[in-house]
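Peer 1: build me a structure from this.
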Amino acid sequence: MPQATAFNPTKKFVRIIQMHANGLVEFEFAVGEPELFVELLMAQTAFDEFCAMHGVTPTQGRLPAKQDSAEQEWDWSLHAAREQQIRHEDQA
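Peer 2: Have a look, this model is predicted:
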């Protein structure tokens, strides 16, 4: 049985979602647990300063979606919702 790890607020994580052509960095930022995050958008220089100030650990790739569970209903992000809306508008 896997042991639960203690929440550690000193650990901070960044996962880059997209580097926009206009110089903005879209990313997820988490404190303590990489699975619980907020989505942010900053200019590249502000992003670099933010990462240095918080001493973040970069993480790779998106978190896997929970398949076939009641929790899957809550497994979404603003980025995913925006992309789905754009695809829906393109099909209309």
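
Peer 1: neighbours around residue 25, how many?
Peer 2: Other residues within reach of residue 25, judged by other CB atoms under 10 Å, total 21. All C-beta atoms are positioned from the backbone trio N, CA, C, and that covers glycine.

Peer 1: oh sorry, the question was meant for residue 36
Peer 2: Neighbour count for residue 36, taken as other CB under 10 Å: 11.

Peer 1: again with the one 3 residues further on
Peer 2: The local packing of residue 39 (other CB under 10 Å) involves 15 other residues.

Peer 1: try residue 8
Peer 2: Around residue 8 there are 10 residues (other CB under 10 Å).

Peer 1: surely it and residue 32 touch.
Peer 2: Yes. In this structure, residue 8 is within contact of residue 32 by CB atoms under 8 Å, at 5.6 Å.

Peer 1: what is the least confident helix or strand in the chain?
Peer 2: helix 78-91 (a mean of 63; mean pLDDT, DSSP states H and E).

Peer 1: so for the helix or strand encompassing residue 38, mean pLDDT?
Peer 2: Element membership for residue 38 (DSSP states H and E) is strand 37-43. Mean pLDDT, strand 37-43: 93.

Peer 1: pairing partners for it, with directions?
Peer 2: strand 24-31 (antiparallel) (DSSP bridges).

Peer 1: so for the partner strand, what gets flagged as buried?
Peer 2: By neighbour count with 16 or more other CB atoms under 10 Å, strand 24-31 contains the buried residues 25-31.

Peer 1: what bridges to residue 39?
Peer 2: The partner residues for residue 39, given DSSP bridges, come to residue 28.

Peer 1: about what we covered before: list of residues touching the strand holding residue 38?
Peer 2: Here strand 37-43 makes contact (CB atoms under 8 Å, 6 or more residues apart in numbering) with 13, 15, 17, 23-30, 50, 77-79.

Peer 1: bridged to the closest residue to residue 34 other than its chain neighbours, which residues?
Peer 2: Once flanking residues are discounted, residue 34 sits nearest to residue 13: 4.3 Å by CB to CB, 6 or more residues apart in numbering. Residue 13 forms beta bridges with residue 30, residue 57, as assigned by DSSP bridges.
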